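1. Quick check, what structure comes out for this input:
(one chain, ligands or ions: 1)
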Amino acid sequence: MTAQTTEETFTFQAEVAQLLDLMAHSLYSNKEIFLRELISNASDAIDRLRFERFSHPELAEDGDDDPRIRVGYDRDAGTITISDNGIGMSRDEVIGNIGTIARSGTAEFLRNLSGDQRGDSALIGQFGVGFYSAFVVAERVVLTTRRAGAAAADGVRWSSDGRGEYTLESVERPERGTTIVLHLRDGEDELLNGHRLRTIVQRYSDHVSVPIVMPSEDADSTEETTVNQASALWARPKGELTEREYHDFYRHLSNDFTDPLAYVHAKVEGRYEYTLLLYVPSQAPYDLWVPQARRGMRLHVQRIFILEDSGQLMPAYLRFVRGVIDSSDLPLNVSREILQGSRAVDHIRSSAVKRVLRLLKDMAANEPEKYATFWRNFGAVLKEGIADDYANRDDIAELLRFTTTRSATQEADVSLRDYVGRMKEGQDKIYYLLAPTPAAASASPHLEVFREKGIEVLLLGEAVDNWVVTGLVQEFDGKRLQSVAQGVPDLGDLEDDAEKEAAEKAGTEFAPLLERLKAELDGQAHDVRVTTRLTTSPACIVGDEAITDLALAQRLRGSGLPNRPVLEINPRHPLIERLNRRQDDPRLADWAHVLFNQAVLTSGALVEDPAAFVGRLNDLLVALAADDTP
Ligand SMILES: Nc1ncnc2c1ncn2[C@@H]1O[C@H](COP(=O)(O)OP(=O)(O)OP(=O)(O)O)[C@@H](O)[C@H]1O
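-> Model prediction:
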């Protein structure tokens with residue numbers, strides 16, 4: 001059988017062309033990462049072969065059984081070669097994987113480029129565009145591959161100068177796997193040096209678990225040496241490992257350029273035996289909020305890589321955790337389906353979650369500055385755990401941080417424990433305000449009486465906060481959470497008898513005015529009542545329901561109002577006093593609407609008919625100005 005040798009030319013998908021252009025121009029400052037990316041692909045290909053062999057044992061007959069990645073160079077030809085004996089690719093796979101960008105993440109990648117070269121190159125690995133980084137140093141890349149199990153004649157050669165097109169041809173390739181030859185650009189000769197390449201491999205790929213071999217520097221020798229550690233770091237005893245090694249491994253695992261904030265490494269023995277090495281990153285990955293984003297946990301069985309987590313190993317609210325779980329209790333041919341029903345996996349997962357929560361708890365207690373960094377990056381994600389993880393809810397609640405009426409900055413640095421610790425004598429509830437923005441929250445009239453009485457209020461401005469308060473942390477340390485913008489304010493013992501009496505009296509005294517206002521605002525305000533919650537503002541809007549409901553919170557966050565908005569008026573405000581005295585005022589309807597709409601504005605919502613509001617306001621101003629004219 002002879003291989004068909006005709007060459008076909010293909011055009012890159014538009015995004016690939018754009019990406020390649022960017023690679024060459026903006027990532028130059030960190031050009032060494034091309035080697036890390038290609039080695040990482042080679043190591044993945046070897047892992048995949050190992051894994052596929054469980055279901056296709058016949059693959060074991062194709063070639064040697066000695067996984068290895070080779071890195072070589074040819075000074076005369078100006079090339080660097082990376083080859084592996086992994087799974088290889090068929091022609092269709094080459095077209096699908098190398099000519100197009102399968103992941104929708106690419107468009108996002110392009111959007112995320114900042115122009116800052118260091119940051120941009122850190123994104124490369126995260127976005128899974130690794131292969132193309134070859135073009136940072138190469139003017140032409142030739143990839144030759146043959147899939148494991150296919151015939152020697154089914155080899156494929158892909159070649160491109162990265163300028164919009166690539167060619168494919170069929171070639172004879174007896175050995176399975178992939179070889180990539182980089183024809184370096186002019187001026188990249190310094191890379192054609194054994195010592196230099198070895199240093200790069202050791203810097204970025206020391207922890208790749210497959211041996212990376214390079215030819216001996218002695219020209220007369222045909223020997224090869226392994227240049228990386230090639231051992232599973234997590235399987236080594238803790239005492240032998242340095243912080244540096246843990247950090248290097250993290251970078252290898254996560255493609256992150258920064259050191260992790262914290263990590264935990266544990267070998268567990270007992271009913272189940274497993275090793276955990278879990279890291280908390282110090283910065284959020286770009287795709288933290290992308291629902292289908294890759295997770296950062298890898299499952300190994302007896303050191304052999306099995307699969308990347310897609311939700312079985314870490315719950316969504318800890319999706320920022322990176323690390324390795326290595327179990328001795330799972331079969332090597334474990335699949336995602338088996339994982340789902342596995343008791344061992346359930347056990348390991350729950351122990352991993354507890355360890356992460358403990359790590360965070362210790363960080364909060366002993367290294368508050370680090371914890372503040374953690375909270376800034378991942379606090380909003382961790383909050384999801386309040387809804388998702390009933391079993392650990394109390395521990396998660398201890399980890400929450402909020403901005404409150406006592407905060408000097410917008411930094412969320414008050415824990416529920418701090419809050420409860422400084423509650424006022426007689427206070428039995430934890431008060432909070434949900435508002436669309438932090439600015440609307442801190443300026444809200446709902447806070448007036450609380451400010452006056454020196455009662456602290458949690459200011460909640462994140463979408464996820466709805467979950468935190470909606471019946472989930474209904475109680476912390478025996479104290480109920482209570483919204484300050486819903487229902488009648490319930491200050492319990494914090495309101496003295498005289499105040500209660502005054503409020504009751506005001507209710508009776510203002511009853512006729514309330515009826516008039518209610519009639520004027522029919523269809524807009526569900527009710528109008530007198531309140532004690534205001535000290536300086538004339539009016540505010542509150543939700544009728546005493547209990548937060550999600551719909552309300554969502555509507556507040558959009559442009560609308562609570563489902564059943566109630567207008568509350570302050571009987572001590574001069575405007576309200578005047579209205580009460582002058583109920584015969586022909587402009588009462590204008591007053592009612594102006595009061596209502598200014599309360600809508602201060603709640604952070606949008607006025608339904610701004611032009612009508614301004615019209616009425618101006619009419620009132622004109623009338624007042626006329627009263628003033630001598
Ligand atoms: N040496 C190789 N052997 C087999 N397949 C490969 C090899 N290199 C690349 N591929 C295939 O090409 C695809 C694209 O590679 P690329 O480096 O661009 O992204 P990725 O590996 O999916 O993402 P990341 O670099 O973030 O791991 C890979 O997913 C893989 O299917």
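
2. What separation is there between Leu49 and the ligand?
-> Distance, Leu49 to the ligand, by Cβ to the nearest ligand atom, to the nearest Å: 9 Å. (Each C-beta comes from the backbone N, C-alpha and C, glycine too.)

3. Quick check: closest non-adjacent residue to that residue.
-> Ile87 (4.2 Å; Cβ to Cβ, 6 or more residues apart in numbering).

4. for that neighbour, helix, strand, or coil?
-> Secondary structure, DSSP: H, G, I helix; E, B strand; the rest coil: Ile87 is coil.

5. Write out the residues of the stretch 1-150 of the chain neighbouring the ligand.
-> Within the stretch 1-150 of the chain, the positions near the ligand by Cβ under 6 Å from any ligand atom are 37, 40-42, 45, 84, 86-89, 97-98, 125, 128-131.

6. Contacts only, for Tyr132.
-> Neighbouring residues of Tyr132 by Cβ atoms under 8 Å, 6 or more residues apart in numbering: Val16, Leu19, Leu20, Met23, Gly162.

7. Among these, the buried ones, what's the ChimeraX command?
-> To isolate the buried subset of those in ChimeraX, counting by 16 or more other Cβ atoms under 10 Å, use the following:
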select :16,19,20,23,162
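
8. burial count for the closest residue to the ligand within the chain?
-> Taking Cβ to the nearest ligand atom as the measure, the point where the chain comes nearest the ligand is Gly130, at 2.7 Å. Neighbours of Gly130 under the rule other Cβ atoms under 10 Å: 20.

9. Contacts only, for it.
-> Here Gly130 is in contact with Glu37, Leu38, Ser40, Asn41, Ile124 (Cβ under 8 Å, 6+ apart).

10. if I look at the residue nearest to the spatial centre of the chain, how far off is Arg173?
-> Against the mean C-alpha coordinate of the chain, by Cα atoms, centre = their mean, the closest residue is Leu288 at 2.2 Å. According to Cβ to Cβ, to the nearest Å, Leu288 stands 41 Å off from Arg173.

11. just checking, next helix/strand downstream of the lowest-mean-pLDDT helix or strand in the chain?
-> Least confident helix or strand of the chain, by mean pLDDT, DSSP states H and E, is helix 550-557 with a mean of 48. Later in the chain than helix 550-557, the nearest helix or strand by DSSP states H and E is strand 565-569.

12. Name the residues that touch whichever helix or strand comes after that following strand?
-> Next in sequence after strand 565-569, counting helices and strands by DSSP H and E, comes helix 574-581. With contact meaning Cβ under 8 Å, 6+ apart, helix 574-581 is reached by Glu509, Phe510, Leu513, Pro538, Ala539, Ile569, Asn570, Pro571, Asp585, Leu588, Trp591, Leu595.

13. Of those, which count as buried by neighbour count?
-> Phe510, Leu513, Pro538, Ala539, Ile569, Asn570, Pro571, Leu588, Trp591, Leu595.

14. what residues are up against the third one?
-> Read it as Pro538. Residues counted as contacts of Pro538 (Cβ under 8 Å, 6+ apart) are Ile569, Asn570, His573, Leu575, Ile576, Leu595, Gln598.

15. And the fourth one, how close does it get to Pro445?
-> Leu575 sits 13 Å away from Pro445, going by Cβ to Cβ.
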